[in-house]
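K.L.:
attaching a predicted model along with its sequence, questions to come.
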Amino acid sequence: MLLSRFFENTSMQLPVNFDSASLDGILSDWASALREFSVEAVAVLGPDPFGTIEDRQVMAVHPPLVADAATALAESRDFGAPWRDSDAPLVAWQHIAKSDQLASSRWRLLWLAHGFQTVVRVEFTLPAGRAFECFMFSPRELTDRSEAASLAWSALNIWPVIRRCIAQERSTLSPRERECLVLAFQGMTARETGQRLRCSERTVNYHLANAMGKLKVDNKLAAIQRACWIGAL
């Protein structure tokens, strides 16, 4: 209840795993496996499909007690779009306490207050300059690059399952609406999609119109983009 009020007060979306037992179980199991590397918290940030290129939301965070720190990270301009625009690498390893930006960074101060010293970030890029970002936090400094590489490898392995769970919980698209968007993404016209799905062109356009309404856009391209940003495509 307190966490729900916290996210209401910050105008942030409640992390998906707070309402998804399956996703929370996956994150819990993953965090348990990462304890070999002293990782005790994970956070997944994703684009706000209705915001600007820099706006991010907390998709998932475990354990829940670090939700405030994850929200501060999402609200900051660290990593995210500025990181991608600078052609920075998809994997970052940082000792939080030694960062030059510590004095002006609220999220770093909050993670330090929770007892964490190191963060490893892995990015999963999306169309039109968006991305999902996976952060793994450890209460100790990593000793060498091989430990960070092992964490990145772990994130790459688990990501397909996490992304599917996030998409299932966030998307309001029906299976048919999603199918029409997938085929449109592949370059098919409504007529070609109808032939593939054995339905009329009018029915395809009906499903596409419903999808556009749910995604709050007025054209097919924008619907495809937003569906990608929530992980539905």
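P.N.:
Alright, I've got the coordinates.
K.L.:
pLDDT at R163, what is it?
P.N.:
R163 is assigned 90 on the pLDDT scale.
K.L.:
should've said N9
P.N.:
Per-residue confidence (pLDDT) for N9: 44.
K.L.:
how about I224?
P.N.:
90.
K.L.:
when you give positions from now on, start the count at 856
P.N.:
Okay, residue one is now 856; in that scheme the one you just asked about reads as I1079.
K.L.:
that one: how many residues sit nearby?
P.N.:
23 (other CB atoms under 10 Å). (Glycine included, C-beta is placed from N, CA and C.)
K.L.:
please name the nearest non-neighbouring residue to it.
P.N.:
With CB to CB, 6 or more residues apart in numbering as the criterion, I1079 has its nearest non-adjacent residue at 5.1 Å, and that residue is F1040.
K.L.:
low-confidence bits of this structure, can you list those?
P.N.:
By pLDDT under 70, the low-scoring segments of the chain are 856-868, 871-872, 874, 954-959.
K.L.:
so what's the residue of it positioned farthest from its centre up against?
P.N.:
Relative to the centre of the chain, and counting by CA atoms, centre = their mean, the farthest-placed residue is S1055 at 35.5 Å. S1055 sits next to G1049 when contact means CB atoms under 8 Å, 6 or more residues apart in numbering.
K.L.:
one step back: for burial, what's the neighbour tally of the residue nearest to I1079?
P.N.:
17.
K.L.:
then W1008?
P.N.:
Residues lying near W1008 (other CB under 10 Å) number 12.
K.L.:
name the element it belongs to?
P.N.:
helix 1000-1025 (DSSP states H and E).
K.L.:
what's that helix packed up against?
P.N.:
Using 3 or more CB pairs under 8 Å, 6 or more residues apart in numbering; DSSP states H and E as the contact test, the elements touching helix 1000-1025 are helix 876-889, strand 896-902, strand 911-917, strand 946-950, strand 973-980, strand 986-993.
K.L.:
need those in JSON lines with distance to L928, can you?
P.N.:
Converted to JSON lines, those look like this (distance: least, CB to CB, whole Å):
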{"stretch": "helix 876-889", "distance to L928": "16"}
{"stretch": "strand 896-902", "distance to L928": "7"}
{"stretch": "strand 911-917", "distance to L928": "8"}
{"stretch": "strand 946-950", "distance to L928": "12"}
{"stretch": "strand 973-980", "distance to L928": "9"}
{"stretch": "strand 986-993", "distance to L928": "7"}
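K.L.:
can you list these in CSV and add distance to W938 and mean neighbour count?
P.N.:
Shown next, in CSV, are the helices and strands packed on helix 1000-1025 (distance: least, CB to CB, whole Å; neighbours: other CB atoms under 10 Å):
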stretch, distance to W938, mean neighbour count
helix 876-889, 23, 16
strand 896-902, 12, 26
strand 911-917, 11, 26
strand 946-950, 8, 17
strand 973-980, 8, 21
strand 986-993, 9, 24
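K.L.:
nearest to A1087, of the ones you listed?
P.N.:
Checking those against A1087 by CB to CB gives strand 896-902 as the closest, at 11.8 Å.
K.L.:
which strands and helices sit next to the closest one?
P.N.:
Using 3+ CB pairs under 8 Å, 6+ apart: strand 896-902 touches helix 876-889, strand 911-917, helix 922-930, strand 986-993, helix 1000-1025.
K.L.:
ok so, going back, quick check: the residue nearest to I1079 vs I908, distance?
P.N.:
20 Å (CB to CB, to the nearest Å).
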